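**Student:** Provided below are the primary sequence and the corresponding predicted coordinates.
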2 protein chains.
Amino acid sequence: MRIDRSIVKPLSLFSGMSDADLDQILSHATSARVAQGEAVFVQGTPANHFFLLLNGRLKVTQVTPDGQQIIVRVVHPGDLFGFAKALQRADYPGTAFAAAESLYLAWPTALWSFFVEQNPSLAVSALQTIGNRLEEAHTRIREMSTQEVERRVAHAVLRLTEKAGKPEDGGMRIDFQISRQDIAEMTGTTLHTVSRLLSAWEGRGLVEGGRQKLLVRDMKALARLAEGEK
Amino acid sequence: MRIDRSIVKPLSLFSGMSDADLDQILSHATSARVAQGEAVFVQGTPANHFFLLLNGRLKVTQVTPDGQQIIVRVVHPGDLFGFAKALQRADYPGTAFAAAESLYLAWPTALWSFFVEQNPSLAVSALQTIGNRLEEAHTRIREMSTQEVERRVAHAVLRLTEKAGKPEDGGMRIDFQISRQDIAEMTGTTLHTVSRLLSAWEGRGLVEGGRQKLLVRDMKALARLAEGEK
DNA sequence: TCCGCACTTTGCGCAGCATCAAACAGAATT
DNA sequence: AATTCTGTTTGATGCTGCGCAAAGTGCGGA
């Protein structure tokens, strides 16, 4: 399958790469589509591919041995995901679900070192990408260690709004299906607590809820909450 | 300053690199020593160097805007640290303190991309290193989200024992000064709670405490605690 | 149009852990 | 040897947020 260079050209991951190199890399890619609710890869299965999300939205989850689930991160268009193998792992450490219908590119993991050695700037980009991810993880650890639940949830909602917000008449709409349970799993709390918080916020006009939906009305007030001001 | 190749040769980071390349990289390094309690780099200052710990033990901390501190990670000999710049940051996101007298190598950050482009296998290694770190961070997030304090502390102590345990007559000694406060900052709790837990464990013969000291007597029992069995 | 499911809301009680407070002990300093 | 300092222990108290439970509601399927 031919994938047009122009689709991925703007991504920072590929910046500083020649058209020829880019074409070369794309020639090895396959593209695929997943319907909402389907998985791109499953935790524990051999990591045979790595991916780039073109369109849609994914949730990456991990399940603990005792059955608890957490959301590791949300994958947005343009993000590389599932690079387990590059990180010295034989299998995927999590499961990637489509939160909305999604389109992605896939490459065999065997090609990873080949690409990197052919194209050192790709390595530098990848390192930056994963560096950002590490920083996000540390932020999350810091928040979970030091902040109370309301601030954490406010932060999480803000981040979602920034990454996946679509302007709508009354505010910013989170552009994919997200449940209270999901937000709970992103912030390390229970869906009950999230529900209570969102209800309280709705009463104060900050957000507007709905079944798997969320509309942020007052980002500034939410940002103040996230900063710890009541 | 000349640094002998043999010192760093065994490190996985440099595996698959020719002696000549290694010498070339080492020729740009400077080595330095820090006394206990001193900082190698400070949060917020420009990231002019990246480092490799040869000897000793470091604690990397982050301070939140409101003054709360957390321990991001412990640096063990052989670990690369302070690569902020490689991750697209201008300044260090944390502060690295020496928990024991330490010896390290330093390179100007400007050389990072140069090294990587000269030596793709280094990029692959670095990616793996940081990938492991990301995984550790996710583990910590998972634990903080789903596990109660006792399990988290047990896990933290176990990890310390594995990474920095030195056999001693009665068990494994954590090989550097570590306070209850430190353990609290690694697990997202308070020193009070840690103190209570350690006291309880000491009563059951699992560990033996002391001022900034910790001796693990029964790793198996601790492992059981970490798995959630009482 | 109705039904049933999945998601959400809300109430209540409990407990794990934080917070506040104070005493204690080992090390370093004089 | 006395003093100070820093880290540790332990107690008392209270609140946050979880677990459990049950009712409510929007949505899709038949």
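**Tutor:** Arrived safely, thanks for sending. What you see is a predicted model; the values in this text were computed from it and never measured. Residues are numbered from 1 along each chain as shown, chains lettered A, B, ... in the order given.
**Student:** what packs against the biggest helix by length in chain A?
**Tutor:** If you go by DSSP state H, chain A has its longest helix at helix A:120-146. Packing partners of helix A:120-146 (3 or more Cβ pairs under 8 Å, 6 or more residues apart in numbering or on different chains; DSSP states H and E): helix A:111-118, helix A:149-164, strand B:69-75, helix B:111-118, helix B:120-146. For every residue, glycine as well, the C-beta is placed using N, CA and C.
**Student:** Help me confirm that A:G205 is found in a strand?
**Tutor:** No. A:G205 sits outside any strand when classified using DSSP: H, G, I helix; E, B strand; the rest coil, being coil.
**Student:** wait, what's in contact with the closest residue to it other than its chain neighbours?
**Tutor:** Once flanking residues are discounted, A:G205 sits nearest to A:R217: 6.0 Å by Cβ to Cβ, 6 or more residues apart in numbering or on different chains. Going by Cβ atoms under 8 Å, 6 or more residues apart in numbering or on different chains, A:R217 touches A:G170, A:G171, A:G205, A:L206, A:V207, A:E208.
**Student:** List phi and psi for the third one.
**Tutor:** Main-chain torsions, A:G205, degrees, to the nearest 10: phi 80, psi 20.
**Student:** Give me the neighbour count for it.
**Tutor:** The number of residues packed near A:G205 is 10, by other Cβ atoms under 10 Å in any protein chain shown.
**Student:** Quick one: residues contacting the closest residue to A:A106 other than its chain neighbours.
**Tutor:** If you skip the residues right next to it in sequence, A:A106 has A:H49 as its closest partner in space, 4.4 Å away by Cβ to Cβ, 6+ apart. Shown in contact with A:H49 (Cβ under 8 Å, 6+ apart): A:F41, A:G82, A:A106, A:W107, A:P108, A:T109.
**Student:** re earlier: lowest pLDDT pick from the contacts of A:R217?
**Tutor:** Ranked by pLDDT, these bottom out at A:G170, which scores 79.
**Student:** Not counting its neighbours along the chain, what's nearest that residue?
**Tutor:** A:R217 (5.8 Å).
**Student:** Would you mind measuring from the one you found to A:R140?
**Tutor:** 25 Å (Cβ to Cβ, to the nearest Å).
**Student:** follow-up on the earlier one: CSV for the contacts of A:H49, including pLDDT?
**Tutor:** As requested, the contacts of A:H49 are exported to CSV (pLDDT from 0 to 100):
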residue, pLDDT
A:F41, 94
A:G82, 90
A:A106, 95
A:W107, 93
A:P108, 93
A:T109, 90
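**Student:** out of those, which are buried?
**Tutor:** A:F41, A:G82, A:A106, A:W107, A:T109 (16 or more other Cβ atoms under 10 Å in any protein chain shown).
**Student:** Quick one: name the residues of chain A near chain B.
**Tutor:** Counting by Cβ under 8 Å from any Cβ of the partner chain, chain A comes close to chain B at A:62, A:64, A:66, A:68, A:70, A:72, A:83, A:86-89, A:93, A:113, A:116-117, A:120-121, A:123-124, A:126-128, A:130-135, A:137-138, A:140-142, A:144-146, A:185, A:188, A:228.
**Student:** Apply 6 Å and report the result again.
**Tutor:** Residues of chain A lying near chain B by Cβ under 6 Å from any Cβ of the partner chain: A:64, A:68, A:70, A:72, A:86-88, A:113, A:116-117, A:120, A:123-124, A:127-128, A:130-131, A:134, A:137-138, A:140-142, A:144-146, A:188.
**Student:** Generate a ChimeraX selection restricted to the buried entries among those.
**Tutor:** Typed into ChimeraX, the line below selects the buried ones among those, using 16+ other Cβ under 10 Å:
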select /A:70,72,86,87,113,116,120,123,124,127,128,130,131,134,137,138,140,141,142,144,145,146,188
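**Student:** Can you classify A:P93 by secondary structure?
**Tutor:** coil.
**Student:** Break chain A down into its domains, please.
**Tutor:** As assigned by automatic domain parsing, chain A contains the domains A:5-143, A:148-226.
**Student:** pLDDT at the residue nearest to A:G205, what is it?
**Tutor:** 92.
**Student:** What's the separation between it and DNA strand C?
**Tutor:** Separation of A:R217 from DNA strand C (Cβ to the nearest atom of the strand, to the nearest Å) stands at 14 Å.
**Student:** my guess is A:Q69 meets A:V63, correct?
**Tutor:** Yes. If you go by Cβ atoms under 6 Å, A:Q69 and A:V63 touch, sitting 5.1 Å apart.
**Student:** hang on, the earlier thing: could the helices and strands packed on helix A:120-146 be laid out in TSV, adding distance to DNA strand C and mean pLDDT?
**Tutor:** Below are the helices and strands packed on helix A:120-146 laid out as TSV (distance: least, Cβ to the nearest atom of the strand, whole Å; pLDDT from 0 to 100):
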stretch	distance to DNA strand C	mean pLDDT
helix A:111-118	35	82
helix A:149-164	12	93
strand B:69-75	12	93
helix B:111-118	38	82
helix B:120-146	10	87
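**Student:** Put the alpha carbons of stretch A:75-83 into CSV.
**Tutor:** In CSV, the C-alpha atoms belonging to stretch A:75-83 read as follows (Å, rounded to 0.1, in the frame of the first residue of the first chain):
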residue,chain,number,x,y,z
VAL,A,75,-2.9,8.5,22.3
HIS,A,76,-3.6,11.5,20.1
PRO,A,77,-3.2,11.8,16.3
GLY,A,78,0.5,12.1,15.3
ASP,A,79,1.7,10.1,18.3
LEU,A,80,3.9,7.1,18.0
PHE,A,81,2.7,4.2,20.1
GLY,A,82,3.4,0.6,21.0
PHE,A,83,7.1,0.9,20.7
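**Student:** what's the offset of that stretch from the middle of its chain?
**Tutor:** 7 Å (Cα atoms, centre = their mean, to the nearest Å).
**Student:** Residues touching it, excluding its own?
**Tutor:** Identification of contacts with stretch A:75-83 by Cβ atoms under 6 Å, 6 or more residues apart in numbering or on different chains yields A:L11, A:F41, A:F50, A:F51, A:L52, A:L53, A:N55, A:L58, A:T129, A:K163.
**Student:** List the contacts of A:R57.
**Tutor:** A:A99, A:A100, A:F176.
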